[in-house]
Each structure stands twice: as structure tokens, then as C-alpha cells.
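**Q** Mind looking at a prediction? Sequence and model below.
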Amino acid sequence: MSVLLGIDLGDRRLGVAVADTDSGSVVPLLTLRRSSPSRDAQALARICEERHAEAIVVGLPLHLDGRESEQSERTRAWAATVAAIVEVPIALRDERLSSQLAEARMGRAPRGRSGGAPSAAARQAWRARIDREAAAAILQRELAARAGTEVTP
């Protein structure tokens with residue numbers, strides 16, 4: 001069995017998911033608060049060790065037309081720093097529309113207790129869940145690419 005760790009890299013959070021390449025199952029795992037790249041790498045190294053992950057797949061943010069962006073450059077730099085610390089290979093995978101796909105899967109954000117806007121804590125929990133689901137979407141795209149069935153957004 002081969003295990004992959006998927007990362008949805010955001011400015012504030014890291015969405016993390018795990019995939020079993022043999023069965024094709026992908027599970028949203030957790031959301032980490034972003035820190036420095038070296039601290040992020042230490043946390044990911046622990047997760048890789050616990051889950052016996054053989055590789056990390058980081059979502060690469062591209063413009064809808066496929067061009068790279070400033071965020072793409074920051075993601076590449078982050079991945080290079082993390083790669084120097086973790087002991088597993090790191091791959092980049094197109095993540096276009098992964099957050100939108102995650103939101104579509106989950107439905108609308110929950111309302112507050114009185115039917116109004118949710119609390120700040122509820123909004124943060126919702127965004128953290130979206131990040132985990134987006135990491136799962138990135139891993140599903142990676143598995144599809146490995147199987148030769150990927151459809152480009």
C-alpha cells in the first residue's frame with residue numbers, strides 16, 4: 001500500500017488529506033495553522049511518519065488559463081523549503097477550482113443559531129473544513145493523473 005499526503009496551502013492554514021493509492025480512497029485529515037515553512041515541514045514530517053506517507057502532493061495555484069501566478073511562486077518556494085526538511089518526495093499538482101469543488105461537495109455554510117450569520121469561530125471552522133476537502137480534491141486529481149484519467153479544469 002502506498003500512502004500520499006495532500007496539502008492545500010493557504011496563507012493562514014494548511015489543509016491536509018491522505019490517500020491510499022492501492023484502493024484509491026482519499027480522506028480529508030486535518031487543518032493546521034500556518035507557521036514558518038520550517039515549522040510547517042516539521043509538522044508534516046510527523047504526519048508522514050505517523051501515516052507512513054511515501055510522498056506529499058502540494059496543490060499548485062494556477063490562473064484559470066493555466067498560467068502561473070505570484071501565489072504559484074510562493075507555493076514553489078514553500079515546497080522547496082519543506083522538501084529540504086521532510087524525508088519524502090514532494091510533487092506539485094494543479095489545484096485549480098479545488099476549493100470551489102470542496103464547497104460544492106459540502107453545500108452551503110451553516111447559519112448561526114438564530115438563523116443569522118455564523119459566529120467568527122463557526123466561520124473559521126467552516127474554512128478549515130473547506131481546506132481539508134480541497135486537499136482531498138488535490139489528491140483525487142493526483143490519483144486520476146497517475147491512472148491516466150485526469151480531466152484538466
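**A** Noted; the coordinates are in hand.

**Q** The helix or strand containing I47: which residues count as buried?
**A** Using DSSP states H and E, I47 falls within helix 37-51. Within helix 37-51, the residues that count as buried by 16 or more other CB atoms under 10 Å are 37, 40-41, 43-45, 47-48. (Each C-beta comes from the backbone N, C-alpha and C, glycine too.)

**Q** Repeat that for stretch 128-145.
**A** Of the residues in stretch 128-145, those buried under the neighbour-count criterion (16+ other CB under 10 Å) are 128-143, 145.

**Q** Mind picking the one among the buried residues of helix 37-51 that's closest to P28?
**A** P28 has its nearest neighbour among these in I47, at 13.2 Å by CB to CB.

**Q** For the closest one, which residues are in contact?
**A** I47 makes contacts with 5, 16, 29, 53, as judged by CB atoms under 8 Å, 6 or more residues apart in numbering.

**Q** run the last query once more with 7 Å
**A** I47 sits next to 5, 16 when contact means CB atoms under 7 Å, 6 or more residues apart in numbering.

**Q** repeat for G10
**A** 34, 131.

**Q** And the biggest helix by length in the chain, how far out from the chain middle?
**A** In the chain, assigned by DSSP state H, the helix with the most residues is helix 120-147. Using CA atoms, centre = their mean, to the nearest Å, the mean C-alpha position of helix 120-147 is found 5 Å from that of the whole chain.
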